[in-house]
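Engineer: Mind looking at a prediction? Sequence and model below.
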Amino acid sequence: MTTTSCTGKPAVLMSHPTGNQNVRNALRSLVEHDMLAEFWTTIAWNPQSRWNRLAPSKMQVQLARRAFAGVPRERVKCVPSREAVRLGARSSPLESLLCSGERPFSITGICSHFDGRVAQRLREISVDTVYAYEDAALQTFRQAKRLGITALFELPSSHWYWKNKLLSEEADRYPEFAGLLPELMDSVVRMERKDEELHLADYVFVPSQHVRHTLEGVVPDEKIRMISYGAPPVREQKQISYDPSRPLKVLYVGALAQLKGIGYLLDAIDLLGSQVELTLVGRRIKANSRVDEACSRWRWFETLPHSGVIDVMREADVLVLPSLAEGCALVVLEALSCGLPVIITPNTGSLEFVHEGCEGFIVPICRSDAIADRLNALNRDRELLAHMSRNAQTTAAGKSWENYRETWAETVKVASCY
């Protein structure tokens, strides 16, 4: 059994193959509360290193996302080899050969290799708790159970069976975009591994009521802990154009995939014609005539540094994210902090901080007509646009990452001494 007392601080080993904003804040929370034993990832990059200056600019943008500022270097451990190959092969002819499916340099292959190394580390270090994420926790949790270590699992997205049922229906409903649903290619073996991760976890952390809902009948509710993610500091108030003759500037940020509803956004834009201008920020996952045409017609960035994403948010009038399924869209919180109203679906996991008619609009999934209707309303009523912009920043100000870190740390402490 774990050696942590309920009045003490658990020693936590945390692992995540890549890292993102919520991972960084959870990690920072462990540092702030003196609970971090070690953090494991594939690549931890130092943007100040001479190697960074020698890297191509595109690679610098990718690697900047792997920086973990404020974490003692001696507590950061890396398993870089396979991930380095994957990043190097990106957008090259080698990508399909090396990184597709469940090959060794695919996301699945990298996660499995990484997970095995973390599991090995548990035999070498004394910790009370391990905190791991979907697809990279199975071997770690098996080892944790042998050693009596508390296993905490974060599921940042909709449950896979719920999601796959929805996406299978979507492929039939809209075959033009079915090729942009790679999630349907997941193998039975991968699903079984995910099932075992959930089963082995002592507690499951989720970022939204939406994710919690998708776990009904799968995970006992008393085993679930919900902590929604935070928003960055509020930016300077946006300048809103009140001229309805100027096209409404619409922004989309995310992979150009049907999971995020890209087809429905493009249909809505086509319905509105010259009333709108579209900016797309995100990587094309596969050739698709509609997406390819949109990238040629409108302003498109395959990737941007975080500062660049903020810049395009400051230029835009509204963010549209018509996702079919995800956990808690961080880009929505970023948009609110910039004073950018949003048009989202309930399946973005954002209903904890976006309310209909206040910070934006909530539309049903798979409804391009509803998206077009709300965009038309904002285009015609710039006073409403300005009102929602102010509301967005007010909401973001009360949904800080600082609050997330405090809540998360306390929840981990309690869970570690269950």
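Structural biologist: Yep, that arrived.
Engineer: what bits of this structure have low per-residue confidence?
Structural biologist: Applying pLDDT under 70 to the chain flags residues 1-7, 418.
Engineer: Give me the neighbour count for residue 397.
Structural biologist: 13 (other C-beta atoms under 10 Å). Using the backbone N, CA and C atoms, a C-beta is placed for each residue, glycine as well.
Engineer: Same question for residue 403.
Structural biologist: Neighbours around residue 403, by other C-beta under 10 Å: 14.
Engineer: helices or strands up against the helix or strand harbouring it?
Structural biologist: Using DSSP states H and E, residue 403 maps to helix 401-416. If contacts are counted by 3 or more C-beta pairs under 8 Å, 6 or more residues apart in numbering; DSSP states H and E, helix 401-416 sits against helix 21-32, strand 129-133, strand 150-154, strand 203-206.
Engineer: in its sheet, what does the next helix or strand after the longest one sit against?
Structural biologist: Reading on from helix 21-32 to the C-terminus, the next helix or strand found by DSSP H and E is strand 36-41. Each strand that strand 36-41 pairs with, and the sense of that pairing, follows from DSSP bridges: strand 12-15 (parallel), strand 76-78 (parallel).
Engineer: Throw the ones you listed into JSON lines and include mean neighbour count and distance to residue 410, thanks.
Structural biologist: Shown next, in JSON lines, are these (neighbours: other C-beta atoms under 10 Å; distance: least, C-beta to C-beta, whole Å):
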{"stretch": "strand 12-15", "mean neighbour count": "26", "distance to residue 410": "13"}
{"stretch": "strand 76-78", "mean neighbour count": "16", "distance to residue 410": "24"}
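Engineer: Can you check which of these gets nearest to residue 349?
Structural biologist: strand 12-15 (21.8 Å; C-beta to C-beta).
Engineer: what sits up against that closest one?
Structural biologist: 26-27, 30, 35-41, 114-115, 118, 121-122, 125, 127-133, 136-137, 140, 412, 416 (C-beta atoms under 8 Å, 6 or more residues apart in numbering).
Engineer: could you flag which of the residues you listed are buried?
Structural biologist: 26-27, 30, 35-41, 114-115, 118, 121-122, 127-133, 136-137, 140, 412, 416 (16 or more other C-beta atoms under 10 Å).
Engineer: SS state for residue 290?
Structural biologist: helix (DSSP: H, G, I helix; E, B strand; the rest coil).
Engineer: how about the nearest residue to it, chain neighbours excluded?
Structural biologist: Spatial nearest neighbour of residue 290, chain neighbours left out: residue 266 (5.7 Å); criterion: C-beta to C-beta, 6 or more residues apart in numbering.
Engineer: Let me see the ranges of the strands in the stretch 151-300 of the chain.
Structural biologist: For the stretch 151-300 of the chain, applying DSSP state E, counting those that start in this stretch gives strands covering 203-206, 224-226, 248-253, 276-281, 299-301.
Engineer: Redo these as TSV? Include distance to residue 364 and mean neighbour count.
Structural biologist: Below are the strands of the stretch 151-300 of the chain laid out as TSV (distance: least, C-beta to C-beta, whole Å; neighbours: other C-beta atoms under 10 Å):
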stretch	distance to residue 364	mean neighbour count
strand 203-206	22	23
strand 224-226	23	17
strand 248-253	18	23
strand 276-281	20	20
strand 299-301	27	16
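Engineer: closest to residue 93 out of those strands?
Structural biologist: That would be, of these and by C-beta to C-beta, strand 299-301, which comes in at 22.2 Å.
Engineer: What lies in contact with the closest one?
Structural biologist: Under the contact criterion C-beta under 8 Å, 6+ apart, strand 299-301 has outside partners 277, 278, 279, 280, 281, 282, 294, 308, 312.
Engineer: If we use 7 Å, what do you get?
Structural biologist: With contacts defined as C-beta atoms under 7 Å, 6 or more residues apart in numbering, strand 299-301 is touched by 279, 280, 281.
Engineer: And stretch 52-60, by the same measure?
Structural biologist: If you take C-beta under 7 Å, 6+ apart as the criterion, stretch 52-60 is touched by 46, 63.
Engineer: Could I have the CA atoms of that stretch written out in PDB?
Structural biologist: Taking Å, rounded to 0.1, in the frame of the first residue of the first chain, the C-alpha atoms of stretch 52-60 are listed here in PDB:
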ATOM      1  CA  ASN A  52      17.700  25.700 -30.800                       C
ATOM      2  CA  ARG A  53      19.400  28.400 -32.700                       C
ATOM      3  CA  LEU A  54      20.800  25.900 -35.200                       C
ATOM      4  CA  ALA A  55      17.400  24.200 -35.800                       C
ATOM      5  CA  PRO A  56      15.200  25.200 -38.800                       C
ATOM      6  CA  SER A  57      12.500  27.800 -37.900                       C
ATOM      7  CA  LYS A  58       9.700  25.200 -38.400                       C
ATOM      8  CA  MET A  59      11.400  22.800 -36.000                       C
ATOM      9  CA  GLN A  60      12.000  25.600 -33.500                       C
END
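Engineer: would CSV of the contacts of strand 299-301 with distance to residue 219 be doable?
Structural biologist: Shown next, in CSV, are the contacts of strand 299-301 (distance: C-beta to C-beta, whole Å):
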residue, distance to residue 219
279, 39
280, 36
281, 34
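Engineer: can you tell which of the strands of the stretch 151-300 of the chain is closest to residue 319?
Structural biologist: With C-beta to C-beta as the criterion, residue 319 lies closest to strand 248-253 of the strands of the stretch 151-300 of the chain, at 5.0 Å.
Engineer: Straight-line length of stretch 142-159, end to end?
Structural biologist: 21 Å (C-alpha to C-alpha, to the nearest Å).
Engineer: same check, this time on stretch 346-363
Structural biologist: End-to-end for stretch 346-363, by C-alpha to C-alpha: 7 Å.
Engineer: ok, and for it, which residues are buried?
Structural biologist: Neighbour count says stretch 346-363 has 346-354, 358-363 buried, by 16+ other C-beta under 10 Å.
Engineer: Relative to residue 69, which of those is nearest.
Structural biologist: residue 353 (25.5 Å).
Engineer: that older thread, what is the nearest of the contacts of strand 299-301 to residue 98?
Structural biologist: When these are compared against residue 98 (criterion: C-beta to C-beta), the nearest one is residue 281, at 26.3 Å.
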